[in-house]
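Novice: Dropping the sequence and predicted coords here.
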Amino acid sequence: MTAWIRGDGIRHLIVLRAHRLSAAQHARLLRLRHDTGVHLVLVWHSRDPLSPRLERSVGVRHHITDDLAAVTRRLARPRRDTRTPTDSPELPAVPGSDHATFLGDAAAVLSRVDYVRVAAVYHQAVKTACRRLTACGRAPDLARRMLGYLPAPRSHLRTLYGTIPHGRARRWHATVGLFRFLGDLVADSPGRTHTVTWLRGAQAAFERHGLPLVLPPHLNHMVGVGLTTTPLTEQVIARIRGRVANPAHAAALATVLFSGATHRELTFLPRRAVTGDTVIFPSTHGADHPADLGVWVIPASARPLLHAAVVFQETRAVPADRLFADAIGRAGRLHRTARTCELMLPALHPWRDGGLRSTAVLNFSMMFPDAAS
C-alpha cells in the first residue's frame with residue numbers, strides 16, 4: 001500500500017466508517033500516514049468520540065471538524081500527465097527517405113487519405129521537437145543543446161555512469177540528453193510507422209535549428225523502443241493495475257512492454273536507475289562509451305508503476321538494490337505475470353541493437369569531433 005500511494009503521488013486518503021475499525025487498524029492507518037505523508041481523513045459515523053483513540057497514539061497531530069466544505073477544499077490537486085498512445089489505427093508503411101524528401105516520397109506512394117494522416121503526424125513532430133529544442137536554449141551546437149534536456153538531478157547521473165574521468169562527463173551528459181530527447185518523442189508512440197514519422201519530423205526540426213541529426217539508414221527495419229515494443233494504452237495499464245498486486249511485478253511487465261529489454265537487462269537493472277521520468281543504466285556489457293548507456297523515457301502512464309516499484313524495493317524488510325528483484329527470475333515469473341494480464345510480450349532485443357542507440361553512435365562524432373572514444 002505504501003509503495004502504491006507514493007508511486008501514484010496520492011496526497012489524500014479518505015476512510016469511511018472509520019469508527020468500525022479496530023485499534024490495530026487505526027494504528028496501521030496512522031503508520032501509513034506517517035510513511036507516505038498522505039492527508040488522512042477518517043469519517044466517523046458514531047457518537048463515540050475519536051479524540052481519545054488518537055491521543056493514545058503519541059505524536060499524532062489531528063483536527064476534528066464537522067465542516068465538510070473545509071475538508072473537500074483540501075482535495076483539489078493538479079492534473080497529472082496521463083498521455084497514452086492514441087487509439088487511432090497504425091499509419092501505413094512510409095518511405096525510408098530522410099526528412100528532405102520524406103513527405104514528397106510519401107505523397108508519391110500513398111493514397112490521399114493516408115498521406116494526409118502521415119503528414120499530420122510529421123508536422124506535429126516538427127512542431128513538438130522545435131518547441132523542445134527552443135526550451136533547451138539557443139546553443140549553436142548539438143552537444144550543448146542536449147545538455148538542456150538532461151533529467152534532473154544532474155549530480156545523480158554520474159553515479160549511474162560508473163567511473164569516468166571528470167573531464168569526460170559532459171560527453172556522457174550530452175549523449176544522455178540526446179537519448180532522452182528522442183526517447184521522449186516516441187515513448188507514447190502507437191507503432192513502428194508513427195515512430196519513424198516522428199523521428200523524421202524531429203530530423204527536420206533539428207535542421208531548422210542548425211543542428212544536423214543523423215538517423216540510421218535502415219530505420220524502417222530496426223528494432224527497439226517504439227519500433228518493436230508494445231504501446232502502453234490506458235487499457236493495458238488498467239489491466240496490469242487491476243490484476244497485479246505486487247508493485248515490482250507490475251512495473252517489470254510494463255517495462256518489458258515499453259522497452260523490449262531482455263530478461264538479463266531487466267534482472268540487473270538497479271533501483272537507482274529510475275530518475276524521474278527516465279531510466280538510465282550501464283548495459284550488462286559495461287559502459288566504456290556514452291552510447292553504451294541504456295536510456296529509456298518512461299511513458300507517462302507507466303511512471304506511477306515504476307516509482308511504486310522503487311519504493312517497494314527500498315522499504316522491504318531487507319531492501320533490494322535491484323528494481324525488479326524477485327519479479328523476473330528463471331522460473332518464468334514475468335511470463336506468468338503477462339499471462340495473468342492476458343498480454344503478449346514483445347520481441348526482446350538488447351539495448352545495444354536498438355535504433356536509439358544507433359542514432360546516438362552516429363551523432364556522437366558530430367557532437368564531439370575531437371573525441372578519442
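Specialist: Alright, I've got the coordinates. Every value quoted in this text rests on a predicted model; they were computed, and no experiment measured them.

Novice: Listing request: residues of the chain with sub-threshold pLDDT.
Specialist: Residue ranges of the chain with pLDDT under 70: 49-62, 74, 76-88, 285-286, 330-331, 371-373.

Novice: domain ranges for it?
Specialist: Taking automatic domain parsing as the reference, the chain has its domains at 2-75, 108-217, 234-353.

Novice: Buried deepest among the ones you listed, which one?
Specialist: domain 234-353 (a mean of 19; mean count of other C-beta atoms under 10 Å). (C-beta placed from N, C-alpha, C; glycine too.)

Novice: and the end-to-end length of that domain?
Specialist: Terminal residues of domain 234-353 lie 28 Å apart, using C-alpha to C-alpha, to the nearest Å.

Novice: Quick one: distance of that domain to the chain centre.
Specialist: On the basis of C-alpha atoms, centre = their mean, to the nearest Å, domain 234-353 sits 10 Å off its chain's mean C-alpha point.

Novice: what does stretch 165-179 give?
Specialist: 21 Å.

Novice: and what of stretch 337-354?
Specialist: For stretch 337-354, the distance to the chain centre is 16 Å (C-alpha atoms, centre = their mean).

Novice: Residues in contact with that stretch: which ones?
Specialist: 222-225, 227-230, 236, 239-240, 243-244, 249-250, 252-253, 256-257, 260-263, 265, 283-285, 292, 294, 327, 334-335, 357 (C-beta atoms under 8 Å, 6 or more residues apart in numbering).

Novice: can you tell me which of those are in strands?
Specialist: Mapping the contacts of stretch 337-354 onto strands (DSSP state E) picks out Gly294.

Novice: still on that earlier bit, I'd like the domains of the chain written out as CSV, with distance to Phe102 added.
Specialist: Formatted as CSV, the domains of the chain follow (distance: least, C-beta to C-beta, whole Å):
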stretch, distance to Phe102
domain 2-75, 39
domain 108-217, 5
domain 234-353, 23
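
Novice: Pro95: which of those domains is closest?
Specialist: Pro95 lies closest to domain 108-217 among the domains of the chain, at 6.5 Å (C-beta to C-beta).

Novice: ok, the residue nearest to the spatial centre of the chain - contacts?
Specialist: With distances taken as C-alpha atoms, centre = their mean, the residue of the chain nearest its centroid is Ile298 (1.2 Å). Contact analysis of Ile298 by C-beta under 8 Å, 6+ apart lists Ala187, Phe258, Val274, Asp277, Thr278, Val279, Leu306.

Novice: For those, work out which two are farthest apart.
Specialist: The two members of the contacts of Ile298 with the most space between them (C-beta to C-beta) are Ala187 and Val274, at 14.4 Å.

Novice: thinking again about what came up before, can you add secondary structure and distance to Asp321 and give the contacts of Ile298 back as TSV?
Specialist: As requested, these are exported to TSV (DSSP: H, G, I helix; E, B strand; the rest coil; distance: C-beta to C-beta, whole Å):
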residue	secondary structure	distance to Asp321
Ala187	coil	26
Phe258	helix	23
Val274	strand	13
Asp277	coil	21
Thr278	strand	19
Val279	strand	15
Leu306	helix	16
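
Novice: Can you name the next helix or strand after the longest helix anywhere in the chain?
Specialist: As assigned by DSSP state H, the longest helix anywhere in the chain is helix 112-135. Per DSSP states H and E, the first helix or strand lying C-terminal to helix 112-135 is helix 142-147.

Novice: Pull the residues that contact whatever helix or strand comes next after that following helix.
Specialist: Using DSSP H and E, the helix or strand that follows helix 142-147 towards the C-terminus is helix 154-161. Helix 154-161 has contacts (C-beta under 8 Å, 6+ apart) with 150-151, 164, 169, 172-173, 176, 272-273, 275, 280-282, 287, 293.

Novice: about what we covered before: who does the longest helix of the chain touch, helix- and strand-wise?
Specialist: If contacts are counted by 3 or more C-beta pairs under 8 Å, 6 or more residues apart in numbering; DSSP states H and E, helix 112-135 sits against helix 102-109, helix 169-186, helix 192-208.
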